[in-house]
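Engineer: Sequence plus predicted model, see below.
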Amino acid sequence: MIFEFLAGIFVAVSAGIFFLAINYIKSANDWIIETSKFIYFSGHPVLNDDEIYSLITKKFRKVFSSFLIIIIKTFIFIIAALAIVAFSSIALHFIISGSMSDFNSFDLASKLFPEHLYDWPFILGTLIPIIIVPLIQKKKTTNPDDPYTPLEKFMHYLFLGNANISKLLFKFELIKNKKFLESSSTKQNVYVSGLARAGTTVLMQYLAQIPHFKSLTYRNMPFIFLPRTWLKHSSKKEAVETERFHKDGIKHSVDTQEALEEPFWRNYIGAGYIKEDVITAHSIDDKIYNNYDAFRKLVAENSIYLAKNNNHLLRAESLHQLDSNTGNKTITIIPFRYPYAQAKSLLTQHKTLSSLQNRNEFALDYMDFLVHHEFGLHHKMAILSENENSHTPKGDKDSIEYWANIWYLFYKEALNKYSDKENFYFFCYEKFVEDPHSSIAKIISLLEVPDDQITSIEIKKFTPKKNSEPENINQEYINLYNALVSKAVNNES
């Protein structure tokens, strides 16, 4: 009995070692990723039909070849496992009988695969390593460069990247929540939108502390198109804070509000505003607007809809007008920062994200899902007009001059377009740093929110950093910054 038990352990351990040696798990993960990308590109919201056909043809070959590798490795593993069982049986027979003389071709099968393989000592012996090894293994630390499992990546490609599947999910959500939408009282919407690295995330997270506001969080990922249903049925995973990839000291968790609404526009408009090198301003038609308004209501659940979305200004004029026509009160906060300080931060993030995306292809695709093109390998300049050739930034992307010029072109057009429009408010980062409480209070006063709600916000005191100054200062940039400050809603704070 003890020998059968030990034989079971030997078989399990030997088969496990061989399983690891042939790298079976990596092959399975490769197949999952290739299948994910095939599904993603088959419903890509930006590419045209010819581009999609060309890509999925290439991807199908990779799906087939990676699956064939799994089949081959599965066959090899089965053969190896049978060989290990046969070897253990021969060894066990020799240990017990002390002789191999009774081995012959007539009963070879019964000798190689004897009845003890079905008895509990052998079965118990094979199960013990399978149970114990995972328990004694050290828990693997999450790779900060690649925190997502292949299955999680598959779900992102499928439910966030494929436009056809995303729209199908949202149709289901609309039908399921029809009665709720008919009775929804959500009529206020607040957007935080500007060029990246202007304090948009910090401002948005402070506003999100107010109970009257509701926004998308990482718990919605990757089921952005099931904003109400998914949260009701998803697990209540503990919120553990970690520093985000920007390495800027800002922490986030699954409950952190983030810029996650842009996949809606990518999957419904796509190539209408996402071009090869730029993303451009665009108008919204009534059908898409009705879907988006329903999307906001499902997220807000009778609270004020709050969104940080740096691409919002590309459609803000059209959206504000449609909201006004339907009785929605919508305001847009446009944060800005001293040009060279913001340019330096943009350059730093561009280098950081580009390095990460070079190491991790999924990070590149993930940012595409979110239309996060502010920096990185797929950087696209946001042009607040429908003429994609209206502005061309100067300099090299690895220079601060390039990003300062991006700042100038963006905010010059923003000031010209939105400074005199109702419910658009510029917001100065430097004034916010000086007196965050007063700056937040200025925004609260614009909304139908009780004044005492400001007390619910936990505001950390900033340590102001001295603005970075290059050797050659462009006075046009400084003049534009001063003009923005004069228009800022928190200028008197």
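Structural biologist: Now that the structure is in, tell me what you want to look at.
Engineer: going forward, measure contacts and count neighbours with C-alpha atoms only.
Structural biologist: Fine.
Engineer: List the residues that contact P263.
Structural biologist: Contacts here follow Cα atoms under 8 Å, 6 or more residues apart in numbering; on that basis P263 touches 160, 224, 369-371.
Engineer: Do a quick rundown of the helices in the stretch 101-250 of the chain.
Structural biologist: Assigned by DSSP state H, counting those that start in this stretch, the stretch 101-250 of the chain shows helices spanning 108-112, 120-136, 150-156, 163-176, 178-183, 200-207, 229-233.
Engineer: The ones you listed: lowest mean pLDDT?
Structural biologist: Ranked by mean pLDDT, those bottom out at helix 108-112, with a mean of 64.
Engineer: got any ranges where the stretch 1-150 of the chain has weak pLDDT?
Structural biologist: 98-112, 137-144 (pLDDT under 70).
Engineer: repeat that for 90
Structural biologist: Scanning the stretch 1-150 of the chain for pLDDT under 90 picks out the ranges 1-12, 85-147.
Engineer: Wait, V63 touches E34, no?
Structural biologist: Yes - using Cα atoms under 8 Å, V63 is in contact with E34, at 5.4 Å.
Engineer: Please identify the buried residues of the helix or strand hosting Q349?
Structural biologist: Element membership for Q349 (DSSP states H and E) is helix 339-359. By 16 or more other Cα atoms under 10 Å, the buried positions in helix 339-359 come out as 339-354, 356-357.
Engineer: rewinding a little: for the helices of the stretch 101-250 of the chain, give me a markdown table that also has distance to I52 and mean neighbour count.
Structural biologist: Below are these laid out as a markdown table (distance: least, Cα to Cα, whole Å; neighbours: other Cα atoms under 10 Å):
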| stretch | distance to I52 | mean neighbour count |
| --- | --- | --- |
| helix 108-112 | 53 | 14 |
| helix 120-136 | 42 | 15 |
| helix 150-156 | 19 | 18 |
| helix 163-176 | 12 | 17 |
| helix 178-183 | 34 | 12 |
| helix 200-207 | 34 | 20 |
| helix 229-233 | 30 | 13 |
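Engineer: would you turn those helices into CSV with distance to I95?
Structural biologist: Converted to CSV, these look like this (distance: least, Cα to Cα, whole Å):
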stretch, distance to I95
helix 108-112, 13
helix 120-136, 16
helix 150-156, 45
helix 163-176, 60
helix 178-183, 73
helix 200-207, 70
helix 229-233, 56
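Engineer: Go through those and name the closest to L415.
Structural biologist: Minimum separation from L415 across the helices of the stretch 101-250 of the chain (Cα to Cα) falls at helix 200-207, 17.3 Å.
Engineer: so how far is the top helix by length along the chain from its chain's centroid?
Structural biologist: Longest helix of the chain, by residue count under DSSP state H: helix 49-97. For helix 49-97, the separation from the chain centroid amounts to 33 Å (computed by Cα atoms, centre = their mean, to the nearest Å).
Engineer: picking up where we left off before, for S283, find the nearest of the helices of the stretch 101-250 of the chain.
Structural biologist: Nearest to S283, of those and by Cα to Cα, is helix 163-176 at 19.6 Å.
Engineer: Show me what that closest one is packed against.
Structural biologist: Of the remaining helices and strands, those touching helix 163-176 by 3 or more Cα pairs under 8 Å, 6 or more residues apart in numbering; DSSP states H and E are helix 262-268.
Engineer: Keeping just the C-alphas, turn the helix it packs on into PDB.
Structural biologist: The C-alpha trace of helix 262-268 is given here as PDB (Å, rounded to 0.1, in the frame of the first residue of the first chain):
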ATOM      1  CA  GLU A 262     -14.500  57.600 -23.700                       C
ATOM      2  CA  PRO A 263     -14.900  54.000 -25.000                       C
ATOM      3  CA  PHE A 264     -18.600  55.000 -25.500                       C
ATOM      4  CA  TRP A 265     -17.600  57.600 -28.100                       C
ATOM      5  CA  ARG A 266     -14.800  55.400 -29.600                       C
ATOM      6  CA  ASN A 267     -17.200  52.600 -30.300                       C
ATOM      7  CA  TYR A 268     -20.100  54.800 -31.500                       C
END
